[in-house]
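Student: Please find the sequence and the predicted model below.
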Amino acid sequence: MRWEVVGWGALALVLFAAEAMAPGAFMLWIGIGAAAVFLITALVPGIPVLWQVVAFVVLSVVAIQAYRRWGRTRGRESDKPLLNRRSEQLVGRVAVLQQGIVAGQGRVSIDDASWQVTGPELAAGTRVRVVAVVNGVLQVEANG
């Protein structure tokens with residue numbers, strides 16, 4: 001085998017290994033460019049090294065742009081869209097006021113946390129339903 005063919009193959013493998021060690025879907029696309037030049041140089045002997053490098057740069061940029069355009073735009077639907085938005089998971093829950101709502105502010109305990117609430121004037125011990133969340137503050141209304 002010619003040295004440039006081995007070199008491009010080795011570079012592709014190193015880039016694929018780097019992607020496996022620190023995944024981020026970036027080295028993969030540069031590795032694809034190196035693998036493409038490996039195949040080209042293996043199939044077409046006599047291409048000058050300068051043109052091989054130009055082909056590597058162009059193919060790597062094309063692969064990265066293709067990923068940016070088509071690969072990242074397709075978002076995956078989550079089976080738990082509120083997973084990291086804990087306060088929004090509480091909408092619809094019913095709880096008892098720890099502190100009555102005075103001047104629009106009060107507190108409620110749900111599960112293992114105490115939450116600030118806003119709503120109409122209500123006494124402590126009143127059952128309330130969470131109807132919305134604004135900036136981490138639960139908006140409640142009397143339940144029932």
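Tutor: All right, it came through fine. Residues are numbered from 1 along each chain as shown.

Student: quick one, strands of the chain?
Tutor: 94-102, 105-110, 113-118, 127-134, 137-142 (DSSP state E).

Student: For residue 68, find the nearest of those strands.
Tutor: Ranking these by proximity to residue 68 (Cβ to Cβ) places strand 127-134 first, at 33.9 Å. For glycine as for every other residue, the C-beta is placed from the backbone atoms N, C-alpha and C.

Student: contacting residues around that closest one?
Tutor: Identification of contacts with strand 127-134 by Cβ atoms under 8 Å, 6 or more residues apart in numbering yields 87-88, 90-97, 108, 110, 117-119, 122, 138-144.

Student: let's see 10 Å
Tutor: Strand 127-134 is contacted by residues 85-97, 101, 106, 108, 110, 115, 117-120, 122, 138-144 when judged by Cβ atoms under 10 Å, 6 or more residues apart in numbering.

Student: of the residues you listed, buried ones?
Tutor: When these are checked for burial by 16 or more other Cβ atoms under 10 Å, the buried set is 87, 89-90, 95, 97, 101, 106, 108, 110, 115, 117, 119, 122, 138, 140.

Student: Pick the one among these closest to residue 37.
Tutor: Lowest distance from residue 37 to those (Cβ to Cβ) belongs to residue 89, with 50.1 Å.

Student: Quick check: that closest one vs residue 113, distance?
Tutor: Residue 89 sits 11 Å away from residue 113, going by Cβ to Cβ, to the nearest Å.

Student: And the strands of the chain: which comes nearest residue 60?
Tutor: Closest to residue 60 of the strands of the chain is strand 127-134 (Cβ to Cβ; 44.9 Å).
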